[in-house]
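A.B. asks: Need a 3D model of the sequence below.
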Amino acid sequence: MVVYTQEHVYRHPWDRVTAAAWRKFTDPASSKALSHVADVHTLHRRLDSEAGRLQAARSITVRSPPLPFILRRLLPAAASSPSGAVLCHCLETSLVDAPRRAMDVVVRNVSLRGLIEVEERSTFRPHPERPDEWTQFIQETTIRCRPLAALAAVAEKVETRCAERFLQNSAKGREVVERICRYLEAEASGAASSPI
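C.D. replies: Predicted coordinates:
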C-alpha cells in the first residue's frame, strides 16, 4: 500500500479557491491539462441554506495510464484498450460548510476495485497564518493493489507507478485551480477579459 500527502497553499481566499475547484472540470481551458478526465456528472446535490452547507456527489470517469501487462491479464478483455489504458469510474463526494469555511472532498474508484483501490481525501481550509487571504489545501491519497498483495514486490511497483501518475495529475489540477483563481480575481476587480 502507498500512502502520501500533498500540501499546497493557494494565495487566494477560501471562497475563491473553492469556487475555482468546483469549476475545474467544466472549464474549457482545462481540457488539455486534465486530459485524463473523460467525463463528469453531478449525481446528487443538497443545499441546506439555513446551515450554509452543500453536499454533492459526482461521477468522474478517468483514463488510467497504461497498465502493466500482469494487471491487464487480470482484467476482462473488454476492460482495457490494446495500449493498456483503462477507463476507471470514480465517485466524488463533497461537503462544503460555508460558515466554517471548510470544504472536504473524497474520491474513490468504484470500478476496478478488485484490481486496485484508490482513495483521495482533500481539505480546503483558510490558511492558519493568513485566513482571510490564503487557503491551505491538503490531499491524502491511498493506493492499494489488491490481487498482488501476496506478491509484495510487484504490488509495490504497481502502487508506486500509480502514485507517480496521481502526483502528476494532482499538480495539473492545482495549476488549473490557480489559473481559475486568477481569472476570478480579475473578474472581481472588473478586469476579466474572457469567460472561463
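A.B. asks: What strand or helix carries residue 15?
C.D. replies: Under DSSP states H and E, the secondary-structure element containing residue 15 is helix 14-23.
A.B. asks: Kindly list the longest helix within the chain.
C.D. replies: helix 152-188 (DSSP state H).
A.B. asks: what's the average pLDDT for that one?
C.D. replies: The predicted model gives helix 152-188 an average pLDDT of 82.
A.B. asks: helices and strands around the helix or strand harbouring residue 120, which ones?
C.D. replies: Of the helices and strands defined by DSSP H and E, residue 120 is found in strand 116-126. Helices and strands in packing contact with strand 116-126 are listed as helix 14-23, strand 102-109, strand 135-145, helix 152-188; criterion 3 or more Cβ pairs under 8 Å, 6 or more residues apart in numbering; DSSP states H and E. For glycine as for every other residue, the C-beta is placed from the backbone atoms N, C-alpha and C.
A.B. asks: Would you mark the buried spots in the second one?
C.D. replies: Spelled out, it's strand 102-109. Within strand 102-109, the residues that qualify as buried by neighbour count (16 or more other Cβ atoms under 10 Å) are 102-103, 105, 107, 109.
A.B. asks: Can you point out the buried residues in stretch 36-48?
C.D. replies: For stretch 36-48, a neighbour-count test (16+ other Cβ under 10 Å) marks 36-37, 40 as buried.
A.B. asks: Using TSV, please lay out those together with secondary structure, pLDDT and distance to residue 122.
C.D. replies: Listed next are those as TSV, based on DSSP: H, G, I helix; E, B strand; the rest coil; pLDDT from 0 to 100; distance: Cβ to Cβ, whole Å:
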residue	secondary structure	pLDDT	distance to residue 122
36	coil	86	17
37	strand	89	16
40	strand	94	16
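A.B. asks: where does this protein have low pLDDT?
C.D. replies: Confidence mapping of the chain against pLDDT under 70 gives the ranges 65-85, 146-155, 191-196.
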